[in-house]
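Asks: Predicted coordinates and the sequence they were generated for:
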Amino acid sequence: MNLFADRMATLGTENAFQVGADIAKAEAEGMDVIRFNLGEPDFDTPEFICKVACDNIMNGNTHYCPPAGIPQLRETLANDISKTRGVSVAPEQVVITPGAKPPISYTLLTYVNPGDEVIYPSPGFPIYESMATFVGATPVPLHLKESKGFSFSADELSQLITSKTKLIIICSPSNPTGGVLSGEDIESIAEVINEKCDSSVRVYSDEVYERILFDGSVHKSIASLPGMQDKTIVVSGHSKSFAMTGWRLGFAVLPTEQEAECFTNFNINIISCTPPFSQAAGVEAYISEKTDAEVLRMVKNFEERRDYAVPALNAIDGVTCANPKGAFYVFPNIQGMCENLDVFEHHKSLPTEIKEQAGPSKLIQMFLIYRYGVATMDRQSFGSIGSKDMHFLRLSTATDLESIRKGINRMDKASKDRDGFADFIKEGKHLC
Ligand SMILES: Cc1ncc(COP(=O)(O)O)c(C=O)c1O
């Protein structure tokens, strides 16, 4: 009998957390490492939000609470989603979860049988592909193209929809590309879904970056469009918008109360409830009149950093970088850098077991950490199916401007270091 259940072989991961181990090793070897790997705001949670949680803890709000979430937060979010998406949401349709990540698993477990097809963006948040595979679904990546600003058309989606499609995942603004679907894109995507999918198909709309938008872009939720609220699970949370990643606070808005009860039951089975003092602070984040100014301050910073990072990356020989419209990531194409450093040739010469674990962009990722002290994430970390020949890195710009300057400078030097790369491969110590 095996120690691990068979299904464990199908579970992927989120490399942003795994890269931490490489950073620690590189630091132990004497590097100082600039962290472009983690997707979290570098700002602290606004003080007025923290104060509510502290007061709640001091006043004894430290016990179990309703598994679906505290009534005040469910009501606040139902009002917010009704207003911002132009739909009518009842508190009973809202389920509070510890972060915006659990609803991904809950959705796959609730709606998808083995063999059903799940369409998801690639590059995209890695948990989509990981959990689709884990539940035995057939993963169907919808490849986002750099040439289209990492957006996709209704036509491209339409070609992937079959009678086996059960779930369509979309994410705008996107992690890892920062791409934002325009109002017209979303309208035509909704039209295709309404036309081609029956009422049992669900759309998972990951909107965690809804407030982080640049150049005057506005957030448009697919749930706002005719016929879509009944099919769409809207997911968002506090982590990115209010710099609350460690509070573990997110939520899902389900098409019906019955579906919300399934999510509540997953909470009961797995976590019981989301901490009540986090939720109380979460209400404050939504209702305080101080919130908008705080969010604007953070977004302005992210925009300023993007405005520095994109031209600086484009100035590196062999790198092209699209201009993201939201979130706090840039996603440069490093195909030319791989050519300049002879990465493809070196890659070919590696033993098969290493080649399988580390594609060319992963080799660059490792080279940058261990030889230049820059932690990035490779393309395959955001969906590996069908992405073998795509060579990109993700850099999170949720770090101060000075570090961004320093980090990109180091990348520029690395991009010219053919001998250093050859030596890194020859040494063979940290290739994957
Ligand atoms: C697209 C996307 N969805 C969901 C999450 C999970 O967010 P949380 O930290 O609130 O669980 C993230 C976090 O990086 C994300 O980028």
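Replies: The structure has been received and is ready for your questions. Numbering: from 1, shown residues only.
Asks: The ligand contacts on this protein?
Replies: 39, 99-101, 125, 171, 175, 206, 208, 237, 239, 245, 250 (CB under 6 Å from any ligand atom). Backbone N, C-alpha and C define where each C-beta goes, glycine included.
Asks: 8 Å instead, please
Replies: 14, 16, 39-40, 98-102, 104, 124-125, 127, 171, 174-176, 206, 208-209, 235, 237-240, 245, 248-250, 327 (CB under 8 Å from any ligand atom).
Asks: How about the contacts made by Glu75?
Replies: Taking CB atoms under 8 Å, 6 or more residues apart in numbering, we find Glu75 in contact with Pro91.
Asks: host element of it?
Replies: Assigned by DSSP states H and E, Glu75 belongs to helix 71-85.
Asks: just checking, what packs against the helix or strand just after that helix?
Replies: Note on helix 71-85: by DSSP H and E, the next helix or strand toward the C-terminus is strand 94-97. For strand 94-97, the elements it packs on are helix 71-85, helix 102-111, strand 250-253, helix 257-270, judged by 3 or more CB pairs under 8 Å, 6 or more residues apart in numbering; DSSP states H and E.
Asks: Tell me which of these sits nearest to Leu393.
Replies: helix 102-111 (23.6 Å; CB to CB).
Asks: next SSE after the closest one?
Replies: Immediately after helix 102-111, counting by DSSP H and E, sits strand 117-122.
Asks: Output the contacting helices and strands for that following strand.
Replies: helix 126-134, strand 138-143, strand 165-171.
Asks: Save those as TSV, and put in mean neighbour count and mean pLDDT too.
Replies: Output for the helices and strands packed on strand 117-122, formatted as TSV (neighbours: other CB atoms under 10 Å; pLDDT from 0 to 100):
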stretch	mean neighbour count	mean pLDDT
helix 126-134	23	97
strand 138-143	19	97
strand 165-171	24	98
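Asks: Out of those, which is closest to Ala9?
Replies: Nearest to Ala9, of these and by CB to CB, is helix 126-134 at 9.7 Å.
Asks: I'd like the list of the residues of the chain next to the ligand that fall within strands, please.
Replies: For these, the ones inside strands are 171, 206, 235, 237, 250, with DSSP state E as the criterion.
Asks: Return the residues in contact with the second one.
Replies: Under the criterion of CB under 8 Å, 6+ apart, the contact partners of Asp206 comprise 100, 104, 125, 169-171, 235.
Asks: For Val295, which residues are in contact?
Replies: 211, 241-242.
Asks: Leu368 too?
Replies: Counting by CB under 8 Å, 6+ apart, Leu368 has contacts 374-376, 393, 410-411, 414.
Asks: at 7 Å instead, please
Replies: Contacts for Leu368 (CB atoms under 7 Å, 6 or more residues apart in numbering) come out as 374, 376, 411, 414.
Asks: Just put the residues you listed in TSV and tack on pLDDT.
Replies: Converted to TSV, the contacts of Leu368 look like this (pLDDT from 0 to 100):
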residue	pLDDT
Val374	98
Thr376	97
Met411	98
Ala414	98
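Asks: Using JSON lines, lay out those together with neighbour count.
Replies: Output for these, formatted as JSON lines (neighbours: other CB atoms under 10 Å):
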{"residue": "Val374", "neighbour count": "28"}
{"residue": "Thr376", "neighbour count": "26"}
{"residue": "Met411", "neighbour count": "25"}
{"residue": "Ala414", "neighbour count": "21"}
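Asks: Which of those fall in strands?
Replies: Those of the contacts of Leu368 lying in strands (DSSP E): Val374.
Asks: which stretches of the stretch 201-350 of the chain aren't confidently modelled?
Replies: For the stretch 201-350 of the chain, no stretch is flagged by pLDDT under 70.
Asks: what about the closest residue to the ligand within the chain, distance to Ser130?
Replies: In the chain, the residue that lies nearest the ligand is Gly99 (2.5 Å; CB to the nearest ligand atom). For Gly99, the distance to Ser130 equals 15 Å [CB to CB, to the nearest Å].
Asks: Tell me where the stretch 251-400 of the chain has helices.
Replies: 257-270, 276-287, 291-314, 335-340, 343-348, 352-357, 360-372 (DSSP state H, counting those that start in this stretch).
Asks: Rebuild those as JSON lines, extending it with distance to Ala137.
Replies: Listed next are the helices of the stretch 251-400 of the chain as JSON lines, based on distance: least, CB to CB, whole Å:
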{"stretch": "helix 257-270", "distance to Ala137": "17"}
{"stretch": "helix 276-287", "distance to Ala137": "31"}
{"stretch": "helix 291-314", "distance to Ala137": "34"}
{"stretch": "helix 335-340", "distance to Ala137": "31"}
{"stretch": "helix 343-348", "distance to Ala137": "31"}
{"stretch": "helix 352-357", "distance to Ala137": "23"}
{"stretch": "helix 360-372", "distance to Ala137": "26"}
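Asks: quick check, nearest of the contacts of Leu368 to Tyr120?
Replies: Closest to Tyr120, out of all of the contacts of Leu368 and judged by CB to CB, is Thr376, at 22.4 Å.
Asks: In space, what's closest to the closest one - neighbours in sequence excluded?
Replies: Leu393 (4.4 Å; CB to CB, 6 or more residues apart in numbering).
Asks: Number of residues surrounding the one you found?
Replies: 27 (other CB atoms under 10 Å).
Asks: Tell me how far it lies from Asn333.
Replies: From Leu393 to Asn333 the distance is 9 Å (CB to CB).
Asks: domain ranges for this protein?
Replies: Following automatic domain parsing, one gets these domains for the chain: 6-32+293-427, 47-287.
Asks: Check the offset of the last one from the chain's centre.
Replies: What that stands for is domain 47-287. Distance of domain 47-287 from its chain centroid, counting by CA atoms, centre = their mean, to the nearest Å, is 11 Å.
Asks: and the end-to-end length of that domain?
Replies: 15 Å (CA to CA, to the nearest Å).
Asks: go on, stretch 328-342?
Replies: 30 Å.
Asks: Show me the contact partners of that stretch.
Replies: Against stretch 328-342 from outside (CB under 7 Å, 6+ apart): 39, 146, 150, 175-178, 212, 302, 306, 309-310, 313, 316-322, 324, 344, 360-361, 364, 391-398, 415, 418, 421.
Asks: Now list the buried members of those.
Replies: The neighbour-count test (16 or more other CB atoms under 10 Å) applied to those identifies 39, 146, 150, 175-178, 212, 302, 306, 309-310, 313, 316, 318-319, 321-322, 324, 360-361, 364, 391-398, 415, 421 as buried.
Asks: Fine, thanks again, bye for now.
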